[in-house]
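Undergrad: Sequence and predicted structure below; questions after.
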Amino acid sequence: MLIILSFLFSFIAIPFIILTLKKWQLGQIIREEGPSSHLSKSGTPTMGGILFVGMTLMTILLCIVLKQSDPSLLWGGYMTVAYSLVGFLDDFLKKIKKSPYGLKAREDIALQILLAVPFLLYLLFSRSPSVSVWLWLPFKWFLILAITNSVNLTDGLDGLLTGIALLVFMFFIFLGVIGFSSPDFNPTLLYVLFGTLLAFLYFNFYPAKIFMGNIGSFALGGFIAFCVLWFDIDWLFLVLGGIFLAEALSVILQVSYFKYTKGKTGIGKRIFKMAPLHHHFELMQIPEATITVRFWLLQTLLTIISLFIYTN
């Protein structure tokens, strides 16, 4: 029922959000070095991820009023809203500077590290990890940064991240349906965000009428990172988040190889036609919608495999 209600509410709200974003002239700024086919997307309303933040805050407030809140709901909301602030600052600076570049990389990472502290301290003192704190803390910190940034990098094609995030959310929903969910996990926010994303996908699929912006991609990254750490499926995320990791690795490999070859020969060489990985396939002349659907199909397989591994 929560999924249906959040879907209907969001579906009605999104057209008004699109009109508002147009009125405020919050349109997408396209990077010149990106695929040329993306130039036509310039001006498309962005920062639609404000809907995710709004739905999160409404859910938490309503649960508090109804006395249905618990630590998992509050911390899930914290990670969603806190990381959306990083994305908001990046989007806001792009608008102010009228540039496709917002926060500097070191500022971005510093904020993410700082925002992870409260949640990590809660997990540390509430669960008492079996390994040394000096190993546990840096690993969990790295995991949060890896998840949030890889999710952000995946948001590059119409509907791509929205669909993949829905399939990742389905993993956690299925765990509850088949009785494998963590007993101290409140699924309310998960259901609400799932319904919200489902409605958003209708307007975000190719050709997109609205983009979620970094405020949306970081909000989703923060919530996914929360779910991974709450369910303690760190290593399973190598499977469940396989597409996210592949997108991030493609960027790391591309940049590293370019710098290495430039230092050796004076001419930087590339492994991929363009990174992240989805742009490589675009430059192979594969239609954008085709790439998106194929990534969704792959994520469906990864979600099924992850469920099989977790439940056996």
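TA: Cool, got the structure.
Undergrad: per-residue confidence at Lys264?
TA: Looking at Lys264, its pLDDT is 87.
Undergrad: Next: Arg106.
TA: pLDDT recorded at Arg106 is 90.
Undergrad: three-state assignment of it?
TA: helix (DSSP: H, G, I helix; E, B strand; the rest coil).
Undergrad: which SS state does Ala275 fall under?
TA: Ala275 ends up coil, using three-state DSSP.
Undergrad: Next one: the residue nearest to it when sequence neighbours are not counted relative to Asp91, how far apart?
TA: Residue nearest to Ala275 in three dimensions, not counting chain neighbours: Gln254, with 3.9 Å by CB to CB, 6 or more residues apart in numbering. (C-beta placed from N, C-alpha, C; glycine too.) Using CB to CB, to the nearest Å, Gln254 is found at 24 Å from Asp91.
Undergrad: who are the neighbours in contact with the residue nearest to Ala275?
TA: 270-272, 275 (CB atoms under 8 Å, 6 or more residues apart in numbering).
Undergrad: residues in contact with stretch 265-274?
TA: Residues outside stretch 265-274 that contact it (CB under 8 Å, 6+ apart) are 34-35, 250, 253-254, 257-259, 261-262, 279-280, 282-284.
Undergrad: When you filter those residues down to buried only, what's left?
TA: For the contacts of stretch 265-274, a burial check counting by 16 or more other CB atoms under 10 Å picks out 35, 250, 254, 258, 279-280, 282.
Undergrad: Where do the strands of the chain begin and end?
TA: Assigned by DSSP state E, the chain shows no strands.
Undergrad: Helices of the stretch 1-150 of the chain, start to end?
TA: For the stretch 1-150 of the chain, the helices defined by DSSP state H, counting those that start in this stretch occupy 2-23, 50-65, 71-97, 105-127, 133-154.
Undergrad: With Ser42 as the reference, name the closest of those.
TA: Nearest to Ser42 among these is helix 71-97; the distance by CB to CB comes to 12.5 Å.
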